[in-house]
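Trainee: everything below, folded, please.
(one chain, ligands or ions: 1)
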Amino acid sequence: MTTAFSSLPTLGDTWQKTLQWQPDKSQRALFQKLYKGILQGNQQFNLTRITAPEEFWEKHLWDSLLGIAPWLPTAEPSEIAVPPVQRVIDIGTGGGFPGLPVAIAQPTWQITCLDSTRKKIAFLAELSQSLGLDQVQTAADRAESFGRHPAQRESYDLALIRAVGPVTVCAEYALPLVKVNGVAVLYRGQWTAAEASALGEAAARLGGGDIEVQAATTPLTQGVRHCLYIRKQSSTPVEFPRAPGTPAKQPLG
Ligand code: SAM
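Mentor: This is a model prediction of the structure:
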């Protein structure tokens, strides 16, 4: 059986207006290959419900890059202290978001895509190889275990985490993996004062310092987005992350 694949929209002006960046020709071709690969993988692995071309562009490509906007080559000067980036981890990557679009936009970054579901990770390893994204590594593990691994703990300049759980749980997964002076980027939709207060408390216990909140609106459907940038100020105490399952059952804050 052959399956017909639609093309992604280009939307060069929209990229430019919203993120002051746009993909070049080879990056556009890689986005298209990524889309095709995800649609194929979806038939087996239930990776995403977002499959229509414009929706995929907005909710998977644009949204993934929104979180790293301060690091895009032509970004306007940012209020966020932007450390130089080499090593990045995408925690709970699922179908590869935000990790794979970020790898396409930032070919010099070393990106580890981490997920607890082994079959999704096996699929992502194959997909990233078929896209020629040699700088992508994959790991099948829980964030709570990975964050205690001596070779991984406090070894990343940037941790990205989208749609993995409540904000304080995401902070407990992400901050132990970030180097002092690195940044954890938490991708959120709506953002409330109650969440801000809980996150402030949790982040302080995990070694987090300043938290910068950037609000945005998605360009095609005007959805609400907030990206939280937590700068790591000091080493995470050894008791974090807690045992697998505990952060979600007894969230901090
Ligand atoms: N980040 C992707 C996105 O935004 O499209 C996927 C989000 S999906 C809703 C959540 C993913 O997080 C799932 O693939 C799940 O297996 C993974 N996950 C949940 N808890 C995890 C943990 N403790 N450690 C590693 N991965 C986890």
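
Trainee: now do the same contact list for Gln152.
Mentor: Ile89, Phe146, Leu177 (Cβ atoms under 8 Å, 6 or more residues apart in numbering). No exception for glycine: its C-beta is placed from N, CA and C like everyone else's.

Trainee: redo that, cut-off 6 Å
Mentor: Applying Cβ atoms under 6 Å, 6 or more residues apart in numbering, we find Gln152 in contact with Phe146.

Trainee: how far away is it from Gly189?
Mentor: Here Gln152 is placed at a distance of 28 Å from Gly189 (Cβ to Cβ, to the nearest Å).

Trainee: again, but for Pro219
Mentor: Between Pro219 and Gly189 the distance is 15 Å, computed by Cβ to Cβ.

Trainee: near the ligand, anything from the host helix or strand of Gln43?
Mentor: Applying DSSP states H and E as the criterion places Gln43 in helix 25-45. No - applying Cβ under 6 Å from any ligand atom, one finds helix 25-45 out of contact with the ligand, separated by at least 10.0 Å.

Trainee: what is that helix packed up against?
Mentor: helix 99-105, helix 118-130 (3 or more Cβ pairs under 6 Å, 6 or more residues apart in numbering; DSSP states H and E).

Trainee: what does that helix rub up against?
Mentor: Phe5, Leu8, Leu47, Phe56, Leu61, Gly95, Leu100, Ile104, Lys120, Phe123, Leu127, Leu131.

Trainee: let's see that with 7 Å instead.
Mentor: For helix 25-45, contacts defined as Cβ atoms under 7 Å, 6 or more residues apart in numbering pick out 5, 7-8, 10, 23, 47-48, 51, 56, 61, 95, 100, 104-105, 119-120, 123, 127, 130-131.

Trainee: picking up where we left off before, could you redo the helices and strands packed on helix 25-45 as CSV and give each row mean neighbour count and distance to the ligand?
Mentor: Converted to CSV, these look like this (neighbours: other Cβ atoms under 10 Å; distance: least, Cβ to the nearest ligand atom, whole Å):
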stretch, mean neighbour count, distance to the ligand
helix 99-105, 25, 8
helix 118-130, 17, 6
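
Trainee: in JSON lines: the ones you listed, plus distance to Val185.
Mentor: Listed next are the helices and strands packed on helix 25-45 as JSON lines, based on distance: least, Cβ to Cβ, whole Å:
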{"stretch": "helix 99-105", "distance to Val185": "10"}
{"stretch": "helix 118-130", "distance to Val185": "19"}
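
Trainee: can you put those helices in JSON lines and add mean pLDDT?
Mentor: Supplementary listing: these in JSON lines, determined by pLDDT from 0 to 100:
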{"stretch": "helix 99-105", "mean pLDDT": "98"}
{"stretch": "helix 118-130", "mean pLDDT": "97"}
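
Trainee: to Gly253, which of those helices lies closest?
Mentor: Smallest distance to Gly253 across the helices and strands packed on helix 25-45 (Cβ to Cβ): 26.2 Å, for helix 99-105.
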